[in-house]
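Novice: structure for this input, please:
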Amino acid sequence: MALANIQLTQKDIFEKNFKTGMRGYNQDEVDEYLDKIIQDYETFQKEIDRLKSENERLRQQLSNDSRPQSRSTQQPKEQAAPAAPAREAQTNHQVNYDILKRLSNLEKAVFGKKFAENDV
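Specialist: Residues are numbered from 1 along each chain as shown. Here you go, the predicted model:
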């Protein structure tokens, strides 16, 4: 991995103290430190570019692979379709049974009174 070549951490950069000379910081020391930072940034940029290209490649692969999967996901729906008429038939039978039961109760209510009146 390219990240193994990183020489500095955020903490290293933050805590770096440059020695001061007569005219301020030692310019050679600052230049060396900045060179390390530049190398690290170049390494980071290469790694970022590599990861972007890998990400794009994987996205394309995923989109190409998802097309055949969409066909396979349609197959279970088609297999489940024959079960739907069976459920509808069962529901229709239940509705018919409920209607017959209500009709029977109404007949008992209407004709039951007539039979009771005739017996009196």
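
Novice: the strand or helix carrying Val95: how far from the chain's middle?
Specialist: Using DSSP states H and E, Val95 sits within helix 83-119. Its chain's C-alpha centre and that of helix 83-119 lie 50 Å apart, by Cα atoms, centre = their mean, to the nearest Å.

Novice: repeat that for stretch 46-63.
Specialist: 19 Å.

Novice: what is the least confident helix or strand in the chain?
Specialist: Least confident element among the helices and strands of the chain, by mean pLDDT, DSSP states H and E: helix 83-119 (a mean of 74).

Novice: next, the buried residues of that helix.
Specialist: Taking 16 or more other Cβ atoms under 10 Å as the neighbour-count basis, helix 83-119 is seen to contain no buried residue. Where C-beta positions appear, they are placed from N, C-alpha and C, glycine not excepted.

Novice: break the chain down into its domains, please.
Specialist: Residue ranges for the domains of the chain, per automatic domain parsing: 1-81, 82-120.
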